[in-house]
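[1] Below are the sequence and a predicted model for it; my questions follow.
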Amino acid sequence: MGTIVVTGGAGFIGCNFVRHLLAHTDERVVVVDKLTYAGHLESLAEVADHPRYVFVQADIADRTGVRALFERHRPTALVNFAAETHVDRSIDDPATFVRTNVLGTFELLEAARVHLREHPDAVAGFRLLHVSTDEVYGTLGPEGAFSETTPYAPNSPYAASKAGADHLVRAYHETYRVPVVLTNCSNNYGPHQFPEKLIPLMILNAVEGRPLPIYGDGGNVRDWLYVEDHCAGILLALRKGQTGGKYNIGGGNERTNLQVVDALCAILEEELPARENEALSRRGVSSYSDLKSFVPDRPGHDRRYAIDASRVRDELGWQPAHAFEEGLRETVRWYLTHRGWCDAVQSGTYGRERLGLEGSVD
């Protein structure tokens, strides 16, 4: 039995990947998470008693802790989800993003390099897969899509920190021959996403009759990927991807933010009609769409992202299994039936307030 370490495994994509691993492999899964505001053991509660699951609370930027992790668990693979991910927060506090995303990735790579040097018998089977984002590529015009060869042009502190980490991953393969695989994904959605992100924020605000804040004109375009489909792609890349290779994973579901909000309102009307929602009645609101509110845009807001996922399709045989509308409905139903989780992860740390409004120097 091998051992896969999943860093950031109590976060959104990480916890879904942990469940995917336990369901589709026979490996032991060691979850490592610092348990920040967006990482919660509640997201792993259903696997807490699984015989192949181990949890370690640790910070990937802590060299001593990371080295001890490698020595104790001797991983056959490591998948790195650990990251600060919210663009708005990166505008307010870029230092935290640099520490976790850049320094943390460096410490993982260094620990892997030292481990493989000291245990040469482990080299043949070991892989480190680093999960990144399409935001490293910057912004697109109305046409085209990001490919694996698109030059990096990050426009936010978050994107820049992930770009730095990506470059370190590539360099450690080229310089030290650490066996790595790099993936860059489009916007994920699905269960267990912390409600600072667009889709869960809109669902919870709508249910409670709160405004649905839409940045700028709502015309910013993102390519949406259901989290379970992303997890399947990551596992394929870990198992079959070219060592030192890079794979873009996208859902092929381009939507403007306004289109996403309108779709959510329509689904909510079917799943929890506005006339039956007491929160809306108390506010004299007859439709979820009436809650839409256009607010000042985010500084440096990229206009459009789109992923060309042809390499992962052609080389690894990956295809998304969920149409956007299907995945969106499943997501809405999950949040409607898991209000306890929503309350627990927000308690005392986040009231769904607007972030990322730090003023520029000009």
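    Looks like it came in fine.

[2] Going along the chain, name the strands of this structure.
    Counting by DSSP state E, the segments of the chain that form strands are 3-7, 28-33, 53-57, 77-80, 127-133, 180-185, 187-189, 212-215, 221-226, 246-249, 254-256, 292-295.

[3] tell me what the fifth one is packed against?
    Strand 127-133 sits against strand 77-80, helix 104-118, helix 157-176, strand 180-185, helix 227-240, with contacts defined as 3 or more C-beta pairs under 8 Å, 6 or more residues apart in numbering; DSSP states H and E. Heads up, the C-betas are built off the backbone N, CA and C, glycines and all.

[4] What lies in contact with it?
    Contact partners of strand 127-133, identified using C-beta atoms under 8 Å, 6 or more residues apart in numbering, comprise 13, 76-81, 83, 85, 105, 108-109, 112, 159, 162, 165-166, 169, 178-185, 234, 237-238, 241, 243.

[5] List the buried residues of stretch 216-231.
    The neighbour-count check on stretch 216-231 (16 or more other C-beta atoms under 10 Å) flags 218, 220-231 as buried.

[6] With stretch 274-283 instead?
    Residues 274, 277, 280 are the ones in stretch 274-283 that count as buried (16+ other C-beta under 10 Å).

[7] and if you look at stretch 303-316?
    Going by neighbour count (16+ other C-beta under 10 Å), the buried part of stretch 303-316 is 304, 305, 306, 307, 308, 309, 311, 312, 313, 316.

[8] Mind checking the pLDDT average for it?
    Averaging the model's pLDDT scores along stretch 303-316 yields 98.

[9] ok, now which ones touch the residue lying closest to residue 60 once chain neighbours are set aside?
    Taking C-beta to C-beta, 6 or more residues apart in numbering, and ignoring the residues beside it in sequence, residue 60 has residue 104 as its nearest neighbour in space, at 3.8 Å. Residues in contact with residue 104 (C-beta under 8 Å, 6+ apart) are 59, 60, 61, 82, 83, 165.

[10] separation between residue 104 and residue 23?
    Counting by C-beta to C-beta, to the nearest Å, the separation of residue 104 from residue 23 is 28 Å.

[11] Kindly report the same for residue 129.
    If you measure residue 129 against residue 23 using C-beta to C-beta, the figure is 18 Å.

[12] Looking at the two, which is more packed in?
    Counted by other C-beta atoms under 10 Å, residue 129 and residue 23 do not tie: residue 129 has more neighbours, with 24 against 9.

[13] Tell me what the residue lying closest to residue 217 once chain neighbours are set aside is bridged to.
    Distance criterion C-beta to C-beta, 6+ apart; nearest residue to residue 217, sequence neighbours excluded, is residue 294 at 7.1 Å. Note on residue 294: beta-bridge partners residue 214, judged by DSSP bridges.

[14] pretty sure residue 294 is touching residue 214, no?
    Yes. Under the contact definition of C-beta atoms under 8 Å, residue 294 touches residue 214, with a separation of 5.2 Å.

[15] neighbour-wise, which of those two wins?
    The residue with the greater number of neighbours, taking residue 294 and residue 214 and applying other C-beta under 10 Å, is residue 214; the counts read 22 against 13.
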